[in-house]
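Student: no sequence for this one, just the structure:
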DNA sequence: CTGAAAGCGCTAACAC
DNA sequence: GTGTTAGCGCTTTCAG
């Protein structure tokens, strides 16, 4: 019942071979080390029969590898991150890796603590949605030859592998779509986070607006307030103070949620006249009434690319090779962004 | 830059003390072991100055403790599990534990693999949303004196600690609420999973229906089809074949999503006449039109109780003490379940 | 082809 | 009060 007492040594003793032999066989190096087929079979059968699995901690101490990967996100309970997590998880396990998820709240200190902690845990690699100020810490990991892949955003001046999407183009496309559908006063609601993905989305919007000769209206909500009453109030004010607004483009899914909530609470009829588009898709937007048009990030591809890069980094043990992937987001046109009558 | 080369031994050498002394101080046993304040300070200052953190793998091998907890859920990308994960994560880290999340897809083999894997990783404890057939495996963990807390469901014949909610009562209350609002033909849509939480929800519904002298209509969708086209078709059929239905009670959040999607696609006007209530709340239901009434599980309390129990188990190192908690779900009445005109 | 033995870095019993 | 040292369970070099 208590299998934890069985050691590799016990197996060796039981089968009258040395621990070395058992270890080789367990690690699939039997052939390579020219151990007789007979012995290999004997060991494999026995190991199988008692369902032996070596102690991973001891293995890690000896090899320096833990077969653990860290996936650090802003908030693991956010749909976008949770979905990617789920995809990464499957790939990782199929390759013999475990995944430690953690949430950094987009906060530098917390990110640093976590990186520090996991470094001492000797994790094999990091997949990180970085907060704004941890460039140095990422740099350090790479210097120490620990595989790192960034996601969703990156530091332009830092040579790292990353997987991002074409925020600028996608944002421009979405804005243009609104313009083409007859909207003339389009607001852009975003956070005050000065990270590249947000800035690119803003730029894409502004570019499209400028090209159409329209007036841009931007609301930046402090990151801390995005999910609070205060955030909703700010959105609400925007509409009361700018009666001419006929469409809005939200830069992230949680802002859209706040926005929809505000509309429902304070001005329900607005939902039928306002053009709406959001960055990041989710189930809610698909089945909402009206259905909400969205710039959908290719979650599956993102997860797959992240793990691809990570597994290559792990295999080649060459942290300096860079792979930088920019995926295309898909504009999913639903009812909320179509021309209103 | 490369801090990983510094060992506890190096610190001892540098400061002219023994490794024992350093180890004691690092583990906060300085006072207890009567090491002079002066030496303690010297060590602490130095350790601080070079930002030394001991190798956790070596520590784990030696102590048998990894300070890692596993949280195994059906699907980490599901809102319900992701939210609890986020709550647990915070508590765990504040107590010096890390959390490994994993998804078992409510599948026994996968659960077993995962349990096996993590046992060999020597994790300190398991918080598990168990699939139906892993009673034996859970039992084994407990026999091996590994702390286990179950969540969302449990095995009635198995003595384990767990945190669940009052499914039967909550379900009965929700059904009664529909009845009180004039609905006479209420369907119950659930999965074919024969686990206690689902059965209790079904029983609660049937009890309320029976007491009111109404007719029960139950649709059980195979678990594998719940998120697919097939599941939506089954729901759709239910309504075409039972024209008299005037309300529906979904037993989980993902079924509700499928249901809302079906309604939107095939019969949009239904949304305004049908009474709707769902088990499990989420943001979508709050801001949907009409807003969807929900039986909300107290996510925060669940997370907190889980960690409370786990931390106690860990502290007392007594796996046999049981703590079984049943929390109350809250019926949140919104527009979808109110009397229609 | 197989076995002995030296660690991986840390903890803690024991000795002084 | 502080230092010596024997492991925790495994991998892998080197000798035979």
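Tutor: Arrived safely, thanks for sending. Everything quoted here is computed from the prediction, not taken from an experiment.

Student: Domain ranges for chain A, per the record?
Tutor: Per automatic domain parsing, the structural domains of chain A span A:8-54, A:66-164+A:299-327, A:167-297+A:331-337.

Student: I'd like those written out as JSON lines, with mean neighbour count and mean pLDDT added.
Tutor: C-beta coordinates here come from the backbone N, C-alpha and C atoms, glycine included. JSON lines is the format used below for the domains of chain A (neighbours: other CB atoms under 10 Å in any protein chain shown; pLDDT from 0 to 100):
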{"stretch": "domain A:8-54", "mean neighbour count": "15", "mean pLDDT": "88"}
{"stretch": "domain A:66-164+A:299-327", "mean neighbour count": "19", "mean pLDDT": "94"}
{"stretch": "domain A:167-297+A:331-337", "mean neighbour count": "19", "mean pLDDT": "95"}
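
Student: who wins for proximity to residue B:79 among these?
Tutor: domain A:66-164+A:299-327 (7.5 Å; CB to CB).

Student: if I pick residue A:320, what's in contact with it?
Tutor: residue A:142 (CB atoms under 8 Å, 6 or more residues apart in numbering or on different chains).

Student: Report all helices and strands that the helix ranked longest in chain A contacts.
Tutor: With secondary structure taken from DSSP state H, chain A has its longest helix at helix A:299-316. If you count contacts as 3 or more CB pairs under 8 Å, 6 or more residues apart in numbering or on different chains; DSSP states H and E, helix A:299-316 packs onto helix A:79-94, strand A:125-128, strand A:148-151, strand A:161-165, strand A:324-327.

Student: Mind putting these into CSV with distance to residue B:262?
Tutor: As requested, those are exported to CSV (distance: least, CB to CB, whole Å):
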stretch, distance to residue B:262
helix A:79-94, 21
strand A:125-128, 36
strand A:148-151, 34
strand A:161-165, 31
strand A:324-327, 31
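
Student: if we compare the ones you listed, which one ends up closest to chain B?
Tutor: Nearest of those to chain B, taken as CB to the nearest CB: helix A:79-94 at 3.9 Å.

Student: Kindly calculate the angle that that closest one makes with helix A:299-316.
Tutor: 40 degrees (axes from the mean of the first three to the mean of the last three CA atoms, to 10 degrees).

Student: Point me to the residue of the stretch 151-300 of chain A nearest DNA strand C.
Tutor: Residue nearest to DNA strand C within the stretch 151-300 of chain A: residue A:160 (26.0 Å; CB to the nearest atom of the strand).

Student: Let me know the secondary structure of residue A:290.
Tutor: Assigned by DSSP: H, G, I helix; E, B strand; the rest coil, the conformation of residue A:290 is coil.

Student: Show me the one of the domains of chain A that comes nearest residue B:92.
Tutor: Residue B:92 lies closest to domain A:66-164+A:299-327 among the domains of chain A, at 9.9 Å (CB to CB).

Student: Tell me how far that closest one lies from the chain's centre.
Tutor: 8 Å (CA atoms, centre = their mean, to the nearest Å).

Student: Please see if it touches DNA strand D.
Tutor: No. Shown here: domain A:66-164+A:299-327 not in contact with DNA strand D (CB under 7 Å from any atom of the strand), separated by at least 11.1 Å.

Student: how long is that domain end to end?
Tutor: Counting by CA to CA, to the nearest Å, you get 31 Å between the two ends of domain A:66-164+A:299-327.

Student: still on that earlier bit, looking at the helices and strands packed on helix A:299-316, which is nearest to residue A:264?
Tutor: Closest to residue A:264 of the helices and strands packed on helix A:299-316 is helix A:79-94 (CB to CB; 19.3 Å).

Student: What are the contacting residues of the helix or strand that comes right after that closest one?
Tutor: Following helix A:79-94 in sequence order, the next helix or strand is strand A:98-103 (DSSP states H and E). The contact list for strand A:98-103, computed with CB under 8 Å, 6+ apart, reads A:67-77, A:85, A:88-89, A:92-93, A:114, A:118, A:123, B:76, B:85-86, B:89, B:93, B:98-102, B:117, B:121.

Student: Nearest spatial neighbour of the residue nearest the centre of chain A, chain-adjacent residues omitted?
Tutor: Centroid check for chain A by CA atoms, centre = their mean gives residue A:81 as the closest residue, at 4.9 Å. Closest residue to residue A:81 apart from its sequence neighbours, by CB to CB, 6 or more residues apart in numbering or on different chains: residue A:73 at 3.9 Å.

Student: hang on, that neighbour packs against residue A:88?
Tutor: No. Between residue A:73 and residue A:88 no contact is recorded; they are 10.3 Å apart, counting by CB atoms under 8 Å.

Student: related to what we said a few turns ago, so for residue B:147, which of the helices and strands packed on helix A:299-316 sits nearest?
Tutor: Comparing the helices and strands packed on helix A:299-316 by CB to CB, helix A:79-94 comes nearest, at 23.2 Å.

Student: Turn the domains of chain A into a markdown table, columns for distance to residue B:311.
Tutor: Output for those, formatted as a markdown table (distance: least, CB to CB, whole Å):
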| stretch | distance to residue B:311 |
| --- | --- |
| domain A:8-54 | 28 |
| domain A:66-164+A:299-327 | 19 |
| domain A:167-297+A:331-337 | 28 |
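
Student: And those: which comes nearest residue B:19?
Tutor: domain A:66-164+A:299-327 (17.5 Å).

Student: Which strand or helix spans residue A:60?
Tutor: Secondary structure assignment for residue A:60, by DSSP H and E: helix A:56-63.

Student: go on, residue A:9?
Tutor: Using DSSP H and E, residue A:9 falls within helix A:8-15.

Student: Centre of the chain to that helix, how far?
Tutor: Centre to centre, stretch against its chain (CA atoms, centre = their mean), the figure for helix A:8-15 is 44 Å.

Student: hmm, whichever helix or strand comes after it touching DNA strand C?
Tutor: Next along the chain after helix A:8-15, taking DSSP H and E as the criterion, comes helix A:19-26. Yes. Applying CB under 7 Å from any atom of the strand, one finds helix A:19-26 in contact with DNA strand C at A:19, A:20, A:21.
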